[in-house]
Each structure stands twice: as structure tokens, then as C-alpha cells.
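A.B. asks: my questions are about this predicted structure, shown below with the sequence.
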Amino acid sequence: MKYERLLHPITVKKTTFPNRIVFSPVQTNFASADGEATERLIRFYKRIAGNGVGLTIVGATGISAYSRLGDHAFCLCDKGKTGSAAKLFDAIGAAGSIPAVQLNHGGRVMKPALAGGDLVGPSAVASPASKNVPRELSIGEIEDIVGQFAHAAEIAKNAGARMVEFHGTHSFLLNQFMSPAANLRKDRYGGSTQNRARIVMEVLERTRGKVGEDFVLGLRISAEEYVDNGMTVEECADMINMFMEKGLDIVHVSAGGIDTGVRMLEEAGKGTIIRLAGEVKKRVKLPVIAVGGVLRPEQAERAIDEGMADMVAIGRALIADPELVTKSLAGRSGDVVECTACLQCFVPGEKPGIRCPLNQNL
Ligand SMILES: Cc1cc2nc3c(=O)[nH]c(=O)nc-3n(C[C@H](O)[C@H](O)[C@H](O)COP(=O)(O)O)c2cc1C
């Protein structure tokens with residue numbers, strides 16, 4: 001069989017992913033202004049989920065009113081309003097993919113207006129990109145944020161998600177805490193590797209207490225930040241080994257982020273981020289999802305074959321052609337509309353929502 005490894009199911013806890021292809025989390029800004037899943041958001045995910053993707057991770061989703069990355073970003077913070085989330089996860093599941101959601105707090109790299117004018121972070125250190133200096137979070141506020149992550153995960157589970165992925169990369173709050181460049185705290189949340197990892201350990205423990213043993217907990221993490229004194233592969237792996245003890249089930253390796261602009265996507269195109277996942281995989285015992293620059297399933301098959309990953313995520317290529325996988329499996333590779341890495345999806349337009357010149361049906 002051509003994609004033998006890629007099509008082989010994988011089981012994590014009691015959840016069996018029907019294949020190793022993941023739709024990478026993408027913040028579409030297709031939700032309503034108050035963070036509800038809209039028909040457009042549901043249609044977007046359903047189409048990709050129904051075309052041969054084993055795991056569909058809904059992109060960066062707010063955990064509180066002031067944590068969202070966009071004014072139309074999805075949010076899971078209100079227990080009373082889970083109806084639209086249930087529709088979204090049901091649609092993904094009914095299409096044949098495992099529904100998951102990425103939970104995020106933007107921290108210091110948020111637009112100040114979305115943070116209610118109160119940018120927060122581990123330390124009062126400026127974001128290299130925006131130059132904005134956040135206010136250092138108090139211990140009590142950190143404990144509240146830990147609770148918000150766990151609460152959002154509980155809402156996700158109750159609405160039908162089978163897994164959550166905590167967003168610990170791309171310069172957002174959990175990444176800021178783990179990063180020696182952004183976190184200069186002198187208390188138990190800063191300094192040593194263990195202290196910088198503490199907030200994530202607490203998020204995992206608190207969440208596990210709410211969602212039970214079988215629910216799959218994932219983390220997206222930076223193996224390289226492309227900033228001076230940032231995370232390294234070695235420290236990333238050391239942290240993952242600590243997180244495993246606290247209930248982490250699967251890890252998703254990425255690099256770079258808002259603080260280094262399009263560098264992440266440039267490195268993705270060179271295959272660098274997949275190779276970083278391979279370096280992490282050598283050092284940890286958990287299943288690893290790799291990502292970055294995959295345009296064709298053949299590349300994903302190779303990454304698994306070469307031992308760099310257990311699952312492979314695809315982002316832009318599935319936005320450009322949601323039928324990428326089904327067309328390739330049916331021997332119709334020539335019909336695939338191939339992503340040209342034009343980066344239009346990354347540039348905010350006037351109207352809310354991502355755009356792609358190759359896909360007019362977004
Ligand atoms: C428009 C857009 C939105 C994204 N949103 C998220 C997000 O919400 N969470 C995340 O972890 N990564 C996000 N990413 C990064 C992708 O998940 C992925 O890691 C990156 O695009 C590299 O993979 P690719 O080369 O297959 O696109 C986004 C990327 C794009 C282009």
C-alpha cells in the first residue's frame with residue numbers, strides 16, 4: 001500500500017485515530033464576535049475532517065474573555081453556551097475524524113484591545129515583535145489562568161471533543177512562561193527548567209482532575225524560538241518528560257511564532273520544523289506530531305518512515321485544497337490544488353476570517 005504508515009491507525013489512551021494525518025490548528029477568525037462557532041466555521045472544519053484527516057484540531061481557542069487572538073476567534077469559556085461547540089465537534093466526528101481543540105491564552109503578544117487593554121505575561125519583558133511590555137502576572141492570577149485552561153478543557157469534553165491540545169508555542173502565554181527569554185521571574189514560576197514548566201504541569205494536573213483518566217491531553221511546544229536565549233530541543237524534551245509525569249499523552253512539536261513573524265512558515269517550508277520533531281522524538285517516550293511544509297502525503301509518510309514522527313500535521317496545504325488527502329489516495333495527485341506558500345492566509349484582511357487565493361470556498 002502506498003501510504004502504509006500514514007494510514008495505519010494509532011491509539012492513544014482509549015482513542016483510536018483512524019490514520020496519522022492531522023489538520024494542524026489554524027485560527028480562522030470564522031467564529032462570531034462573541035466566540036461562538038458559526039455555520040462558516042463548522043463548514044470549514046467539516047470539509048477538511050471529511051476528507052481523510054484522522055485528527056482535526058480546531059485552532060487557537062480562547063479560555064477567557066480576554067485571551068483571544070482575534071475579534072472573531074472561537075472561545076470556550078462559558079459553560080452556558082456550549083451548543084455551537086457541540087455542533088462543531090459533532091460535525092467533525094460525523095465526518096470521520098477525531099475532534100480536538102487547541103486551548104490558548106495569547107499573553108503579551110495579543111492585540112491590547114483584545115486583552116481589555118491589560119496585556120499580561122510572566123515578566124515585564126517586551127515582545128520582540130510588537131515591543132509591547134506586559135504586566136507581570138501575580139501568583140493568584142496565574143492560578144486563575146490555570147483554572148481557566150482546565151475549565152475550557154472540561155467544556156470541550158462535555159461538548160464532544162475527544163482531545164484538547166494546550167498551546168505552548170508560537171510566542172503565546174504558556175510559551176512565554178517556558179521560555180528563558182520571556183520569563184525572568186524569581187518565584188516558583190521562573191528560573192529553573194522545572195519552574196518555567198510549572199504552569200503547564202499545573203494545567204495538566206488540574207485538567208486531568210476534571211476530564212478523567214481516559215481523555216487525551218496534548219501540548220504544542222516550541223523546540224526552537226529563533227530568539228536569543230530561547231527554548232532548545234534539549235530543554236523542550238526535558239520539559240516533555242516532566243509533563244508526561246503529570247498526565248500529558250501526546251506532544252506536537254513546532255517552532256517560532258508571533259515574535260519572529262513569518263520565520264516559522266519559512267522554516268516550515270525548508271522542512272526544519274519536522275527535523276526538530278525528529279530530534280525531540282529521540283528524547284521522549286510520548287507519541288509525537290510533526291508539522292511544517294507538508295504539501296503532499298508522500299512527505300508525511302516519509303517523516304513517519306524515517307522515525308521523525310508518529311503523526312504528521314498539515315496546515316496551509318489543507319486550507320488550499322481540503323481534498324488533498326482523498327485526491328492523493330485515489331491516485332488523483334494531479335488534481336491537487338497545491339499551496340504556493342503565498343502567505344495570504346497569514347495576512348489579516350479587512351473582513352474577519354482567513355483568505356486563500358486558491359480556495360474561494362472558505
Ligand atoms: C492562517 C494560519 C493560522 C494559524 N493558526 C494557528 C493556531 O491557531 N494555532 C497553532 O498552533 N498554529 C497555527 N498556525 C500554524 C499552523 O498550525 C502550522 O503549524 C503552520 O502553518 C506550519 O504548517 P504548514 O506548513 O503545514 O502550514 C497557523 C497558520 C496559519 C497559516
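C.D. replies: Perfect, I can see it now. Small disclaimer: the values here were computed from a predicted structure and weren't measured.

A.B. asks: which stretches of the stretch 251-362 of the chain form helices?
C.D. replies: In order along the chain, the stretch 251-362 of the chain carries the following helices (DSSP state H, counting those that start in this stretch): 263-270, 272-281, 297-305, 316-320, 324-329.

A.B. asks: just those: most buried one?
C.D. replies: helix 316-320 (a mean of 24; mean count of other CB atoms under 10 Å). C-beta coordinates here come from the backbone N, C-alpha and C atoms, glycine included.

A.B. asks: one step back: make a markdown table out of the helices of the stretch 251-362 of the chain and add mean pLDDT.
C.D. replies: Converted to a markdown table, those look like this (pLDDT from 0 to 100):
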| stretch | mean pLDDT |
| --- | --- |
| helix 263-270 | 96 |
| helix 272-281 | 98 |
| helix 297-305 | 97 |
| helix 316-320 | 98 |
| helix 324-329 | 97 |
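
A.B. asks: output the ones you listed as JSON lines; include the columns distance to the ligand.
C.D. replies: JSON lines is the format used below for those (distance: least, CB to the nearest ligand atom, whole Å):
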{"stretch": "helix 263-270", "distance to the ligand": "4"}
{"stretch": "helix 272-281", "distance to the ligand": "7"}
{"stretch": "helix 297-305", "distance to the ligand": "10"}
{"stretch": "helix 316-320", "distance to the ligand": "3"}
{"stretch": "helix 324-329", "distance to the ligand": "11"}
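
A.B. asks: and of these, who's closest to Thr82?
C.D. replies: With CB to CB, the closest approach to Thr82 among these belongs to helix 316-320: 26.2 Å.

A.B. asks: output the contacting helices and strands for that closest one.
C.D. replies: Contacting helix 316-320 under the criterion 3 or more CB pairs under 8 Å, 6 or more residues apart in numbering; DSSP states H and E are the following elements: helix 324-329.

A.B. asks: backbone dihedrals for His170, please?
C.D. replies: phi 60, psi 30 (degrees, to the nearest 10).

A.B. asks: how many residues are close by it?
C.D. replies: Burial measure for His170: 25 neighbouring residues, criterion other CB atoms under 10 Å.

A.B. asks: does the helix or strand containing Arg40 reach the ligand?
C.D. replies: For Arg40, the host element (DSSP states H and E) is helix 39-49. No. Using CB under 6 Å from any ligand atom, helix 39-49 stays clear of the ligand, coming no nearer than 11.7 Å.

A.B. asks: what's downstream of that helix, the next helix or strand?
C.D. replies: Going down the chain from helix 39-49, the next helix or strand is strand 55-62, by DSSP H and E.

A.B. asks: pretty sure Asn359 contacts Leu318?
C.D. replies: No. In this structure, Asn359 is not within contact of Leu318 by CB atoms under 8 Å, at 9.7 Å.

A.B. asks: residues contacting the helix holding Arg40, please?
C.D. replies: The contact list for helix 39-49 (CB atoms under 8 Å, 6 or more residues apart in numbering) reads 23, 28, 30-31, 56, 58, 74, 84, 87-88, 91-92, 95-97, 99, 318, 322, 353, 361-362.
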